[in-house]
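> sequence plus the predicted model coming up.
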Amino acid sequence: MRKIIAKTPRIILRPFALRDAAGFYELNSDPEVLLYTGDKSFASILEARNFIRDYKHYEQFGYGRWSVFLASTEEFMGFCGLNFSQLRREVDLGFRFHRKFWGQGFATEAGFAALRVGFSTFQIEKIVGRASSKNLASLRVLEKLGMTFEKKIEESGEHWIQMSIYRDDFGMFYE
């Protein structure tokens, strides 16, 4: 049994594992899932396996993005978690789910679990969330998590909204 990072009644967050490669490949093969991310799909399951194998965020920072599974069936749903950007010197929350799990509150539930781990286990002071200005669903998830508008960013012609929440505000928001 792989280490559980967080668990709610509906979902489980675990570190990436090679057995998740097929799920990652399928997730990133859906053009609608990638529509607002700026990411490209994996060329093969092998490429997804290599991504997972080469993912060093856990070793470098203790945290990272985590695979999300449906608690009742252990089905791979997507990922959610934290990423430290050396360039920006900040920790961001990111999430991506298979379309069949959209609109059911799973991103908010996983985001809450990831924020809780970041603030309580890793004592991170501030966590940001970034989404395309066109991705209203993801921006709404960030709002539901208690994040507030911080700034607009333009990168490679794309417009992004950055929101954030501080550890002290997260505690007040969810107590």
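Structure's in. What do you need? Residues are numbered from 1 along each chain as shown.
> check which helix or strand residue 93 maps to.
If you go by DSSP states H and E, residue 93 is part of strand 90-97.
> how about residue 14: what's its closest non-neighbour residue?
residue 2 (4.8 Å; C-beta to C-beta, 6 or more residues apart in numbering). C-beta: built from backbone N, CA, C; applies to glycine.
> next one, pLDDT for the one you found please.
Looking at residue 2, its pLDDT stands at 76.
> try the one 3 residues further on
The predicted local distance difference test score for residue 5 is 96.
> wait, what's in contact with the closest residue to it other than its chain neighbours?
Sequence neighbours aside, residue 13 is the residue nearest to residue 5 in space, at 4.4 Å (criterion: C-beta to C-beta, 6+ apart). By C-beta atoms under 8 Å, 6 or more residues apart in numbering, the contact list for residue 13 reads 4-7, 66-69, 80-81, 110, 113-114, 117.
> wait, is residue 13 part of a strand?
Yes - assessed with DSSP: H, G, I helix; E, B strand; the rest coil, residue 13 lies in a strand.
> can you pull up the bridge partners for it?
Taking DSSP bridges as the rule, residue 13 bridges to residue 6, residue 68.
> please report how far it lies from residue 78.
Distance of residue 13 to residue 78, computed by C-beta to C-beta, to the nearest Å: 11 Å.
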